[in-house]
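Asks: Starting from these lines, generate the structure:
(one chain, ligands or ions: 4)
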Amino acid sequence: AAKADGGRQRRYSADLDDRTDEEARLGAELRTALDRGEFHLVYQPIVELPHGNVVAVESLVRWWHPERGYVRPDVFIPVAERTGLIVELGEWILRTACLQFADWWRRGVAPYRFGVNVSARQLAEPGFVDMVAAILAETGVHPARLIVEVTETAVFGGGAAVRAVHELNGLGIEIALDDFGTGHSSLGLLQTLPVSILKVDKSFIENVTMAGRHAVIATSLIQVANGLGLVAVAEGVETPEQAAELYRLGYRRAQGYHFGRPAMALPARTESHAA
Ligand code: C2E
Ligand code: CA
Ligand code: CA
Ligand code: CA
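Replies: Ligands and ions are numbered 1, 2, ... in the order given. Got it, this is the predicted structure:
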């Protein structure tokens, strides 16, 4: 078998080498990018249905690479997790989002809350909760304004990540379960984790106006959320028809291109403008 498969085997490991080379390159470039300040944050509104007034924003990281252009977070976040750079990058993200929120607050234009994505690796890192508390104190942001978005997968195995979630909640920070329905053991987690927000993954939202499996799941998830006293946020809402149908199903929070794309925050107004 070894002989017959030799060609495929070699091709496979060559692909693997290419992939690990590319990953190593990206990993090294991420380090440089952080030092050179190539990252920035954008913010996407989370609105109340049906009127669409903004109740929160979610911060999303962007990387503008001098030659590659924008690199998608779906591509570089997993690499940053594997190299461990996510710990330092994640701290930069949290501080930047808190500074932005504090600035909005001072100018009287802050949304009610703001969400920051936190990866599995960050949650499990010793000292993570202390770091969060220190950044809130340093930026003067009240813990109740912050929503930490974690995925089901990040908190699945229990252990340090789960302890961190409890400690964050103990500080008064709200926890949102992200991409809800796509990870492990979603419903079981709701019994034990101090989660108050379910972000229903866009894969369940996109076909919500058509009869079928996805509409059934979107309907069930809002019932679970309402039954447990949790807030469900419909992710990836792109059309007014989806928004109307979600409202009819009982959703009261939504996020997606229909309401607003992720956008850079406006710079602080100067005194002369404000006057
Ligand atoms: P996520 O946390 O589920 O973020 C929502 C993603 O959906 C964002 O993609 C957003 O731009 C996109 N989106 C929003 N509305 C719509 C819509 O109506 N239609 C469609 N098709 N997409 C929509 P983005 O910014 O590319 O981020 C992808 C993922 O990368 C995020 O998924 C999150 O898992 C991760 N990520 C992004 N920023 C951060 C960060 O600061 N820290 C960490 N740890 N992960 C991040
Ligand atoms: Ca998120
Ligand atoms: Ca999500
Ligand atoms: Ca996602």
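Asks: Get me the contact residues on this protein for ligand 3.
Replies: 178, 179, 199, 235 (Cβ under 5 Å from the ion). C-beta here means a position set from N, CA and C on the backbone, and glycine is covered the same way.
Asks: which residues does the residue most central in space within the chain contact?
Replies: The centroid of the chain falls nearest to residue 117 when counting by Cα atoms, centre = their mean (3.5 Å). Residue 117 is in contact with 58, 59, 60, 61, 93, 149, 178, counting by Cβ atoms under 8 Å, 6 or more residues apart in numbering.
Asks: Keep the residues you listed, but drop any that are not near ligand 1.
Replies: 59, 60, 61, 93, 178 (Cβ under 6 Å from any ligand atom).
Asks: Please, where are all the strands along the stretch 101-250 of the chain?
Replies: Here the stretch 101-250 of the chain has its strands, by DSSP state E, counting those that start in this stretch, at 113-117, 146-151, 174-180, 197-200, 231-234.
Asks: May I see the ones you listed arranged in CSV, with mean pLDDT as well?
Replies: Below are the strands of the stretch 101-250 of the chain laid out as CSV (pLDDT from 0 to 100):
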stretch, mean pLDDT
strand 113-117, 98
strand 146-151, 96
strand 174-180, 95
strand 197-200, 96
strand 231-234, 98
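Asks: residue boundaries of the helices in the stretch 51-200 of the chain?
Replies: 73-83, 86-106, 120-124, 128-139, 160-170, 186-192 (DSSP state H, counting those that start in this stretch).
Asks: near ligand 2, which residues of this protein show up?
Replies: 117, 149, 178.
Asks: mind redoing it with 8 Å?
Replies: When proximity is defined as Cβ under 8 Å from the ion, the chain approaches ligand 2 at 58, 60, 115, 117, 149, 176, 178, 179, 199, 235.
Asks: in the stretch 51-200 of the chain, what spans have low per-residue confidence?
Replies: Residue ranges of the stretch 51-200 of the chain with pLDDT under 70: 185-186.
Asks: Flag every residue of it that's near ligand 1.
Replies: Residues of the stretch 51-200 of the chain lying close to ligand 1 (Cβ under 6 Å from any ligand atom) are 59-61, 72-74, 77, 93, 117-119, 178-179.
Asks: what's the closest of the residues you listed to residue 30?
Replies: Checking these against residue 30 with Cβ to Cβ, the nearest one is residue 77 at 9.7 Å.
Asks: Can you name the next helix or strand after the helix or strand containing residue 32?
Replies: Element membership for residue 32 (DSSP states H and E) is helix 6-36. Using DSSP H and E, the helix or strand that directly follows helix 6-36 along the chain is strand 39-48.
Asks: any idea of the mean pLDDT for that next one?
Replies: On average, the pLDDT along strand 39-48 is 98.
Asks: Now do it against strand 113-117, angle only.
Replies: The directions of strand 39-48 and strand 113-117 differ by 130 degrees, with axes from the mean of the first three to the mean of the last three Cα atoms, to 10 degrees as the criterion.
Asks: Would you indicate which residues of strand 39-48 are buried?
Replies: Within strand 39-48, the residues that count as buried by 16 or more other Cβ atoms under 10 Å are 39, 41, 43, 44, 45, 46, 47.
Asks: Enumerate every residue touching the residue nearest to residue 104 when sequence neighbours are not counted.
Replies: Using Cβ to Cβ, 6 or more residues apart in numbering and skipping the chain neighbours, the partner closest in space to residue 104 is residue 110 (3.8 Å). By Cβ under 8 Å, 6+ apart, the residues touching residue 110 are 101, 104, 145.
Asks: quick one: which of these is most hemmed in?
Replies: Comparing these by number of neighbours (other Cβ atoms under 10 Å), residue 101 comes first, having 25 neighbours.
Asks: ok, it touching residue 145?
Replies: Yes - applying Cβ atoms under 8 Å, one finds residue 101 in contact with residue 145, separated by 6.4 Å.
Asks: Against residue 49, how distant is the nearest residue to residue 240 once chain neighbours are set aside?
Replies: Nearest residue to residue 240, sequence neighbours excluded (Cβ to Cβ, 6+ apart): residue 258, at 6.5 Å. From residue 258 across to residue 49, the span is 11 Å (Cβ to Cβ, to the nearest Å).
Asks: Perfect, that will be all.
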